[in-house]
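**Q** Here is a sequence together with a model predicted from it:
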Amino acid sequence: MSSRAQQGFTYIFVLLLVALLSLGLAAIGQVWHTTQMREKEAELLFVGDQFRQAIVAYHKQNSNVGDGFPKTLDELLQDTHQPTVQRYLRKIYADPFSNTTEWGLVKTPAGGIVAVYSQAKGVPLKQAGFRSEYAEFAGAESYAMWRFGAPQTAANAGPPSAGQPGMQVAIATATLSESPAPALPSIPVRKPGQPPDCNYVAALDARACALEQVKWGNSSSCIESARVRADACAQGVAPPDLPSLQMRMGGVQ
């Protein structure tokens with residue numbers, strides 16, 4: 001083999017090696033990015049839960065003050081409505097995605113904060129396997145749909161007072177007025193520790209199928225699967241033992 005031919009062969013080999021290395025680095029970069037996103041989502045769920053607990057505790061202590069919710073997040077650090085110092089939150093946590101304390105806020109018509117959410121862009125990687133408090137996060141198409149506070153607050157609000165607008169109506173109004181997503185079937189309020197019943201399961205399925213329709217324009221398989229699950233539940237099958245909900249959007253729920 002001539003020297004020129006050997007040089008040409010070496011050049012091609014180097015090009016192939018560079019291409020393979022580039023593909024390998026790209027794959028490693030994608031894995032690293034996915035890992036980082038999952039870590040941020042896990043941190044968001046933890047931080048959001050701190051806000052949820054703080055808002056619930058604040059409302060429990062101030063249900064007779066205005067709409068019962070803080071007007072600013074700083075009120076969760078020091079509640080001035082109480083005779084002694086009350087702190088419901090250790091600090092105003094930063095959004096893991098922005099590293100700032102700029103949160104999206106869901107408010108009642110009176111200006112009370114009932115929930116917070118991240119303003120991060122993109123679709124969450126986590127689409128299922130949430131704690132019961134956050135079952136409605138399943139299938140979310142944006143982080144803005146991960147709202148921390150309102151569901152548990154509604155569960156603890158109790159019946160509305162005679163002279164005040166219903167708390168359920170206030171929360172629903174705030175959610176629909178500020179939500180970037182289309183209106184979705186509501187989820188029945190379930191008290192902490194109470195097992196899900198057939199109505200609760202059906203509501204979750206209806207919400208998941210509605211999201212399926214929005215994203216893909218077709219939710220016939222999901223709806224048929226939801227009907228099968230509803231029939232089985234009505235016949236006495238416990239919710240954890242129901243067949244899986246078939247979803248194109250996120251595989252099988």
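**A** Now that the structure is in, tell me what you want to look at. Please read all numbers here as calculations on a predicted model, not as lab measurements.
**Q** now the strands: where do they sit in the stretch 1-150 of the chain?
**A** Here the stretch 1-150 of the chain has its strands, by DSSP state E, counting those that start in this stretch, at 104-107, 113-117.
**Q** among those, which is nearest M247?
**A** When the strands of the stretch 1-150 of the chain are compared by C-beta to C-beta, strand 113-117 sits nearest M247, at 23.0 Å. (Glycine included, C-beta is placed from N, CA and C.)
**Q** What average pLDDT does the closest one get?
**A** The pLDDT scores in strand 113-117 average 93.
**Q** Show me the helices in the protein, by range?
**A** With DSSP state H, the ranges of helices along the chain come out as 3-61, 150-157, 167-178, 198-216, 220-234.
**Q** To L16, which of the strands of the stretch 1-150 of the chain lies closest?
**A** Of all the strands of the stretch 1-150 of the chain, strand 113-117 sits nearest to L16, with 47.9 Å by C-beta to C-beta.
**Q** which strands and helices sit next to the closest one?
**A** With contacts taken as 3 or more C-beta pairs under 8 Å, 6 or more residues apart in numbering; DSSP states H and E, strand 113-117 sits against helix 3-61, strand 104-107, helix 150-157, helix 167-178.
**Q** For the shortest one, name the packing helices and strands.
**A** Identification of packing neighbours for strand 104-107 by 3+ C-beta pairs under 8 Å, 6+ apart yields strand 113-117, helix 167-178.
**Q** Quick check: end-to-end length of stretch 79-86?
**A** The first and final residues of stretch 79-86 sit 5 Å from each other (C-alpha to C-alpha, to the nearest Å).
**Q** cool, and stretch 81-97?
**A** Start-to-end span of stretch 81-97 (C-alpha to C-alpha) is 33 Å.
**Q** ok so, going back, compare the helices and strands packed on strand 104-107 and say which comes out lowest on pLDDT.
**A** The stretch with the lowest mean pLDDT among the helices and strands packed on strand 104-107 is helix 167-178, at a mean of 38.
**Q** burial measure for the closest residue to S118 other than its chain neighbours, as a count.
**A** Excluding the flanking residues, the one nearest S118 by C-beta to C-beta, 6 or more residues apart in numbering is Y143, at 4.4 Å. Counted with other C-beta atoms under 10 Å, the neighbours of Y143 add up to 23.
**Q** ok, of the helices of the chain, where does mean pLDDT dip lowest?
**A** helix 167-178 (a mean of 38).
**Q** Identify the residues contacting E75.
**A** By C-beta atoms under 8 Å, 6 or more residues apart in numbering, the contact set of E75 is Y58.
**Q** Let's have the strands of the stretch 1-150 of the chain in a markdown table, adding mean neighbour count and distance to D197.
**A** A markdown table is the format used below for the strands of the stretch 1-150 of the chain (neighbours: other C-beta atoms under 10 Å; distance: least, C-beta to C-beta, whole Å):
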| stretch | mean neighbour count | distance to D197 |
| --- | --- | --- |
| strand 104-107 | 20 | 27 |
| strand 113-117 | 26 | 24 |
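**Q** would you turn these into CSV with distance to Q61?
**A** Output for the strands of the stretch 1-150 of the chain, formatted as CSV (distance: least, C-beta to C-beta, whole Å):
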stretch, distance to Q61
strand 104-107, 19
strand 113-117, 15
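**Q** Let me know which of those strands is the nearest to R87.
**A** Of the strands of the stretch 1-150 of the chain, nearest to R87 by C-beta to C-beta is strand 113-117, at 16.3 Å.
**Q** so what's the residue nearest to S118 up against?
**A** So Y143 contacts 44, 97, 117-122, 124 (C-beta under 8 Å, 6+ apart).
**Q** among those residues, which ones are buried?
**A** Neighbour counting over those (16 or more other C-beta atoms under 10 Å) leaves 44, 97, 117-120, 124 as the buried ones.
**Q** Export those to a markdown table and append columns for distance to A226.
**A** Below are those laid out as a markdown table (distance: C-beta to C-beta, whole Å):
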| residue | distance to A226 |
| --- | --- |
| L44 | 29 |
| F97 | 32 |
| Y117 | 27 |
| S118 | 29 |
| Q119 | 32 |
| A120 | 30 |
| P124 | 22 |
